[in-house]
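In: Would you be able to build a 3D model of this:
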Amino acid sequence: MSPEDVVLAILTASLVLYAVFGGADFGAGIWEFATALPGRERERRMLHRAIQPVWEANHVWLIFALVLLLTAFPAAFAAVCRALWAPLLLGLTGIVFRGAGFVLRPTTPSQRDSTDRPKGAHEPSAWEKLFALGSTAAPFFLGASVGAVASGKLPCGQDGQFYGNFVTGWITPLSFFTGVFTLSACAFVSAVFLTREAAMKTAAAEKHGDAPVDLRGDPLVRVWRRRALLTGHWAGSLAVAGLVLVAAESPPLWRGLLSRSWPLVLLSAGSAWLSLWATWKRRFTLASFGAIVAVGAIVCGWVAGQYPALVPPAITVVSAKAPDSVLWLVVWIAGAGATVLAPSLALLLWLFKAERRD
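Out: Have a look, this model is predicted:
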């Protein structure tokens, strides 16, 4: 395997990790925004607790992907930054506002004015609204950026120059659709993960003698399970519509999907249905696994479908690559970093996601 293909595989893996785990974190804020922030206190507390240990750590994958693109494929990085500066800036603004809203949100009942509200009701603060808005804007514009690249309509030269409109050149039907689909996928993955989280808390309570296990009756399990099923069917419908749109808007990508990526398309569809079936049967760990594979297969299918292009139609893996010596150095550094990063993240998840009482 050539060094540029090895680096592309590492880059794809980082995008998959960000799409799955970063997407799940975005999905938590999307749920606050989509439901107009009316949640009850126990539901909101569980949602925030679920994402709190790793919500910042997941952005490591996005930063790593950007640094990798800059180092290994500088012409592609230049083209992306020039052509997509507007949606990327809006996405980054959403990430910053989301972080500020999450950190500065009120965390105790005494910080909220709830004297005139029914028991358990919650009136969101301005910081919680900012968290919800930022969590919704960021994945939409990041997804729209991916859609703009996938459309193959960015007029870029092989040297990374952009010859289109710097403000609106990224806007295409496929970019808008991809932004909406990204929101749906994030909401689905988040709902599946939170269903499993709620079920684990119910089981932990029973283990400590606080209550019998009743996944059918637990309100948190019930609400997140319902949301996972609804958004799963909605995201699946959008995925089918997306294939039709790709065929109409990006024929080269469509041909790539038919010739190279069709196993990944089938894997994504099968994993999504597995996740929905497992959610319906209340097998929530299997449902989470299915959701992870479904989203990961979509990212891999897109990369394989447009290969060897990086920023189609002009910039390819070969035309944009750095010297082989640089590429192999990147591979070795990424491998060395993974030996430190992977155990660290595993320890983080073990410390904060271990079974414990509510």
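In: quick one: the residue minimising distance to the centre of the chain from residue 137, how far?
Out: Centroid-nearest residue in the chain, with C-alpha atoms, centre = their mean: residue 23, separated by 2.3 Å. Distance from residue 23 to residue 137, counting by C-beta to C-beta, to the nearest Å: 14 Å. (Glycine included, C-beta is placed from N, CA and C.)
In: Please list all residues in contact with residue 298.
Out: For residue 298, the contact set (C-beta atoms under 8 Å, 6 or more residues apart in numbering) comprises 19, 185, 239, 264, 268.
In: Which residue, neighbours along the chain excluded, lies closest to the residue nearest to the centre of the chain?
Out: Closest residue in space to residue 23, ignoring its immediate chain neighbours: residue 186 at 4.2 Å, by C-beta to C-beta, 6 or more residues apart in numbering.
In: which parts of the top helix by length along the chain are buried?
Out: Looking across the chain with DSSP state H, the single longest helix is helix 173-207. Buried residues in helix 173-207, counted by 16 or more other C-beta atoms under 10 Å: 174-179, 181-202, 204-205.
In: Counting by contacts, list what it packs against.
Out: helix 23-34, helix 41-51, helix 126-151, helix 219-249, helix 262-280, helix 284-306 (3 or more C-beta pairs under 8 Å, 6 or more residues apart in numbering; DSSP states H and E).
In: In terms of mean pLDDT, which of those ranks lowest?
Out: Here the helices and strands packed on helix 173-207 differ in mean pLDDT, and the lowest is helix 41-51 at a mean of 65.
In: quick one: buried residues of the following helix or strand past that helix?
Out: Next in sequence after helix 41-51, counting helices and strands by DSSP states H and E, comes helix 59-72. Using 16+ other C-beta under 10 Å as the test for burial, helix 59-72 gives 59-62, 64-66, 68-69, 71-72.
In: can you pull the contacts of residue 162?
Out: When contacts are counted by C-beta under 8 Å, 6+ apart, residue 162 touches 79, 82-83, 154-156, 169.
In: For the residue lying closest to it once chain neighbours are set aside, which residues are in contact?
Out: In this structure, residue 162 finds its nearest non-sequential neighbour in residue 82, 3.9 Å apart by C-beta to C-beta, 6+ apart. Residues counted as contacts of residue 82 (C-beta under 8 Å, 6+ apart) are 156, 160-162, 166.
In: quick one: which of those residues sit in strands?
Out: Assigned to strands by DSSP state E, none of the contacts of residue 82 qualify.
In: Mind giving me the ChimeraX select for the residues you listed, buried ones only?
Out: Applying 16+ other C-beta under 10 Å to the contacts of residue 82, the buried members can be selected in ChimeraX as follows:
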select :156,160,162
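In: Reformat the contacts of residue 82 as a markdown table; add distance to residue 259.
Out: Shown next, in a markdown table, are these (distance: C-beta to C-beta, whole Å):
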| residue | distance to residue 259 |
| --- | --- |
| 156 | 24 |
| 160 | 28 |
| 161 | 30 |
| 162 | 29 |
| 166 | 34 |
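In: most surrounded residue in the contacts of residue 298?
Out: Comparing the contacts of residue 298 by number of neighbours (other C-beta atoms under 10 Å), residue 185 comes first, having 28 neighbours.
In: Pretty sure that residue sits against residue 26.
Out: No. Using C-beta atoms under 8 Å, residue 185 is not in contact with residue 26, being 9.7 Å away.
In: All good on my end, thank you.
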